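# Here's a sequence, model it:
(chains A and B)
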Amino acid sequence: GENVEQHPSTLSVQEGDSAVIKCTYSDSASNYFPWYKQELGKRPQLIIDIRSNVGEKKDQRIAVTLNKTAKHFSLHITETQPEDSAVYFCAASKGQGGKLIFGQGTELSVKP
Amino acid sequence: DAEITQSPRHKITETGRQVTLACHQTWNHNNMFWYRQDLGHGLRLIHYSYGVQDTNKGEVSDGYSVSRSNTEDLPLTLESAASSQTSVYFCASSRDGGSPLHFGNGTRLTVT
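This is a model prediction of the structure:
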């Protein structure tokens, strides 16, 4: 089945710097790649997603890139702010049903 | 507004007892999922359903079961609770493949 690996497990940056989180997936048939943000004690919330027919997608300070050949995708956060501190999860799915397989998570800490 | 509700929010039980966690969604989504979240493992898929009377095993299904008798509910049952099942459990739903997951607030289960 699908396997998603996420790196790094922890990431600390200074406010205003950029942060990059990377994921690789194993199933070449996967076609949907969302990213979730989870604040302490809260539920995961979708922040951005990308489909396999698109190479890059941007939403304000957040962007996601997808390399289907290499089977990896990345989350880029620019001009980080303390409120970006959270755990971020990547995920992958395929087909009609859309069961998501998640990466292990990255704990991002943005220091003022 | 549509929502997905989990109950209870917190549960403490003893080893060997049967436990059922409830999940109710008013999105009218066909797809429903149960995940467990443990430090270092991210979100792991337990069971999922693509419609009424449909259930499927996920990555970590041993010791768990689900049933889907209607669109709105997917209860998760621990047949005989074990300490290894101490975790935070999230229910989620989606309209179809390639659609975002909507998560419930989670149930924190402690097995003593």
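# contacts and neighbour counts: CA atoms only from here.
OK.
# The residue of chain A found nearest chain B and residue A:2, how far apart?
Checking chain A residue by residue against chain B with Cα to the nearest Cα singles out residue A:98 as nearest, at 3.7 Å. Computed as Cα to Cα, to the nearest Å, the residue A:98 to residue A:2 distance reads 12 Å.
# report the longest strand in chain B, please.
In chain B, with assignment by DSSP state E, the single longest strand is strand B:42-51.
# right, and the helix or strand after it?
On the C-terminal side of strand B:42-51, the closest following helix or strand by DSSP states H and E is strand B:54-57.
# List the residues that contact residue A:101.
Residues in contact with residue A:101, defined by Cα atoms under 8 Å, 6 or more residues apart in numbering or on different chains, are A:2-4, A:91-93, B:43-45.
# about what we covered before: between residue A:98 and residue A:2, who's got more neighbours?
Set side by side, residue A:98 and residue A:2 give different neighbour counts by other Cα atoms under 10 Å in any protein chain shown, the larger being at residue A:98 (22 against 16).
# Any idea what residue A:32 is bridged to?
According to DSSP bridges, the partner residues bridging residue A:32 are residue A:51, residue A:93.
# OK, now which residue of chain B is nearest to chain A?
In chain B, no residue comes nearer to chain A than residue B:97, which is 3.7 Å away by Cα to the nearest Cα.
# Could you give the bridge partners of the nearest residue to residue B:55 once chain neighbours are set aside?
Once flanking residues are discounted, residue B:55 sits nearest to residue B:49: 4.5 Å by Cα to Cα, 6 or more residues apart in numbering or on different chains. According to DSSP bridges, the residues that bridge with residue B:49 are residue B:32.
# Surely residue B:49 and residue B:34 touch.
No. Using Cα atoms under 8 Å, residue B:49 is not in contact with residue B:34; the gap is 9.2 Å.
# neighbours of residue 44, just the number please.
Let's take chain A. Taking other Cα under 10 Å as the criterion, the count of residues near residue A:44 is 24.
# wait, I meant chain B there
Residue B:44, neighbours per other Cα under 10 Å, totals 22.
# next one: residue B:65
18.
# What of the one 10 residues further on?
Residues contacting residue B:75 under the criterion other Cα under 10 Å number 18.
# Over to the one 4 residues further on?
When neighbours are defined as other Cα under 10 Å, residue B:79 has 15 of them.
# If you drop the residues flanking it in sequence, what lies closest to it?
Using Cα to Cα, 6+ apart and skipping the chain neighbours, the partner closest in space to residue B:79 is residue B:18 (4.9 Å).
# Does the one you found touch residue B:76 like I think?
No. Proximity of residue B:18 to residue B:76 does not meet the contact threshold set by Cα under 8 Å, at 10.6 Å.
# where in chain A is pLDDT low?
Along chain A, segments meeting pLDDT under 70 span A:96-97.
# interface residues of it facing chain B?
Listed as neighbours of chain B in chain A under the rule Cα under 8 Å from any Cα of the partner chain: A:31-32, A:34, A:42-46, A:51, A:89, A:93-105.
# buried subset of these?
Buried residues within the residues of chain A next to chain B, defined by neighbour count using 16 or more other Cα atoms under 10 Å in any protein chain shown: A:31-32, A:34, A:43-46, A:51, A:89, A:93-94, A:97-105.
# re earlier: among residue B:18 and residue B:76, which residue is more densely surrounded?
A count of neighbours by other Cα under 10 Å puts residue B:76 above the other of residue B:18 and residue B:76, at 22 against 13.
# Surely that one touches residue B:22?
Yes. Residue B:76 is within contact range of residue B:22, at 6.5 Å (criterion: Cα under 8 Å).
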